[in-house]
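**Student:** Fold the stuff below for me.
(one chain, ligands or ions: 2)
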Amino acid sequence: MGVRVGVVGGGQLARMMIAPAVELGVEIRVLAEQDGMSAALAATRVGDYRDLDTVRAFARDVDVVTFDHEHVPQDVLRALEAEGVQVHPGPDALRFAQDKLDMRARLAELGMPQPDWARVTTLDELQSFLDDHGGRGVVKTPRGGYDGKGVRVVGAATEAQDWFTALAEDANGGALLVEELVDFTRELAQQVARRPSGQIVAYPVVETVQRGGVCAEVIAPAPRADGRLAAEAERIGLAIADGLGVTGMLAVELFETTDERLLVNELAMRPHNSGHWSQDGAVTGQFEQHLRAVLDLPLGETAPVQPWAVMVNILGGPAQGSLAERFADAMTRHPSAKIHTYGKAPRPGRKVGHVNVIGDDLDDVVYQARAAASHFVD
Ligand SMILES: Nc1ncnc2c1ncn2[C@@H]1O[C@H](COP(=O)(O)OP(=O)(O)OP(=O)(O)O)[C@@H](O)[C@H]1O
Ligand SMILES: [Mg+2]
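**Tutor:** Numbers count the residues shown, from 1 in each chain. Ligands and ions are numbered 1, 2, ... in the order given. Sure, this is the predicted structure:
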């Protein structure tokens with residue numbers, strides 16, 4: 001196709017853009033944090049994404065810059081845009097995925113349903129929020145959290161003392177986010193893709209299961225998501241993508257409450273773990289869709305190709321040896337499983353791969369996906 005996409009960040013999300021890029025004839029380049037990362041196959045540069053000169057030099061050789069993570073600083077992104085670089089998603093949208101306090105304030109303006117929340121800068125402020133919400137709450141560091149790091153359920157303000165101390169040392173001042181502890185029945189995720197020229201498509205809402213703050217499994221579409229619930233999730237996803245001017249893939253993490261309302265947990269403006277099922281379970285996988293969207297190409301169909309798709313993460317990997325040694329067994333026993341690995345060294349809790357299975361019998365699909373993934377973990 002003769003176009004070039006540059007992905008900042010060398011993790012598995014960048015890695016999984018490589019296959020669809022090759023298929024589409026899109027040249028893909030990666031700015032990796034270090035050698036030997038997941039996306040090393042397409043890494044053209046190793047460098048610090050916080051350094052303007054490094055990112056600028058990387059951007060010079062591509063038509064569009066996009067991301068594997070949310071951490072490129074605003075001033076770097078704004079400088080690139082000012083120099084005419086196509087950046088998708090752009091800094092005006094991305095800031096709401098970078099900072100959870102900014103996100104909460106903006107979602108409130110858009111009238112999106114979300115947990116009660118407050119910006120707190122002192123123990124007293126935090127305690128008073130907790131007192132108003134049954135004595136408990138969820139404290140979050142606004143920036144830099146992932147996989148549950150930077151999220152803490154507290155029953156007293158003093159349990160966040162260390163984070164306040166760290167804030168006090170932060171030259172920029174700063175604040176923490178506190179949210180009501182939502183009594184949810186389950187977590188869902190809604191993905192949409194949006195092009196710079198405005199075309200927008202939604203995927204079916206999915207159910208996500210987290211263990212220890214990390215996504216463990218995804219079922220697509222979300223079981224028992226009746227027409228109303230699915231339509232409400234889609235409405236929220238589309239409204240946020242349009243309202244924030246997101247370009248590329250957007251994931252909206254949602255809570256389903258005991259009284260069947262949906263509340264927005266957080267946003268990711270890139271392909272997301274909740275969408276890995278679509279690689280094998282949808283007409284257009286999220287990594288291909290992200291490329292199409294950031295290149296402002298017509299978007300692909302999002303419909304599932306089978307009634308059910310289940311994704312199970314391979315967390316940690318084998319205690320001894322490599323993932324590679326486990327392939328033959330898993331493939332023999334579970335020929336319907338699609339195995340994806342990230343080229344990362346096994347380490348407790350680390351996401352090193354995932355398995356997708358699709359089919360028409362949900363019990364069987366869940367069983368096959370779990371069983372196949374379990375071959376790779378001790
Ligand atoms: N207000 C809340 N009430 C109840 N549970 C919550 C709340 N906020 C977060 N959680 C739980 O903590 C998990 C992680 O929270 P959140 O998604 O904000 O953190 P993160 O580390 O940025 O996430 P990710 O793993 O998606 O990067 C959620 O998936 C949910 O299970
Ligand atoms: Mg999350």
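
**Student:** Which positions in the stretch 101-250 of the chain make contact with ligand 2?
**Tutor:** For the stretch 101-250 of the chain, no residue is in contact with ligand 2 (Cβ under 5 Å from the ion). The C-beta positions use only the backbone N, C-alpha and C, and glycine is treated the same way.

**Student:** Low-confidence ranges, the stretch 101-250 of the chain, go.
**Tutor:** Along the stretch 101-250 of the chain, the model assigns pLDDT under 70 to residues 146-148, 170-173.

**Student:** residue ranges of the helices in it, please?
**Tutor:** For the stretch 101-250 of the chain, the helices defined by DSSP state H, counting those that start in this stretch cover 123-132, 161-169, 227-244.

**Student:** just checking, what packs against the longest one?
**Tutor:** By that I understand helix 227-244. Judged by 3 or more Cβ pairs under 8 Å, 6 or more residues apart in numbering; DSSP states H and E, helix 227-244 is in contact with helix 91-98, helix 100-109, strand 184-194, strand 200-202, strand 248-257, strand 262-268.

**Student:** Please apply the same query to the shortest one.
**Tutor:** When contacts are defined as 3+ Cβ pairs under 8 Å, 6+ apart, helix 161-169 sits against strand 176-179.

**Student:** let's see it at 10 Å
**Tutor:** helix 123-132, strand 137-140, strand 151-154, strand 176-179 (3 or more Cβ pairs under 10 Å, 6 or more residues apart in numbering; DSSP states H and E).

**Student:** mind putting those in CSV, distance to residue 240 included?
**Tutor:** What follows is the helices and strands packed on helix 161-169, written out as CSV (distance: least, Cβ to Cβ, whole Å):
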stretch, distance to residue 240
helix 123-132, 25
strand 137-140, 19
strand 151-154, 21
strand 176-179, 17
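
**Student:** Out of these, which is closest to residue 68?
**Tutor:** Of all the helices and strands packed on helix 161-169, strand 151-154 sits nearest to residue 68, with 21.3 Å by Cβ to Cβ.

**Student:** Strand partners (parallel or antiparallel) of the closest one?
**Tutor:** Next to strand 151-154 in the sheet, as set by DSSP bridges, lie strand 137-140 (antiparallel).

**Student:** What distance do you get for the closest residue to residue 189 other than its chain neighbours to ligand 2?
**Tutor:** Excluding the flanking residues, the one nearest residue 189 by Cβ to Cβ, 6 or more residues apart in numbering is residue 274, at 3.5 Å. Per Cβ to the ion, to the nearest Å, residue 274 is found 9 Å from ligand 2.

**Student:** so residue 274, which of the three states?
**Tutor:** On the three-state scheme (DSSP: H, G, I helix; E, B strand; the rest coil), residue 274 is labelled helix.

**Student:** same deal with residue 70?
**Tutor:** Looking at residue 70 with three-state DSSP, the answer is coil.

**Student:** thinking again about what came up before, I figured the residue nearest to residue 189 hits residue 265, correct?
**Tutor:** No: counting by Cβ atoms under 10 Å, residue 274 does not reach residue 265; the two are 11.2 Å apart.

**Student:** Please identify which of the two sits among more neighbours.
**Tutor:** The neighbour count for residue 274 versus residue 265, taken as other Cβ atoms under 10 Å, is higher for residue 274 (27 against 21).

**Student:** pLDDT score for the residue nearest in space to the middle of the chain?
**Tutor:** Centroid check for the chain by Cα atoms, centre = their mean gives residue 272 as the closest residue, at 3.3 Å. We have a pLDDT of 98 for residue 272.
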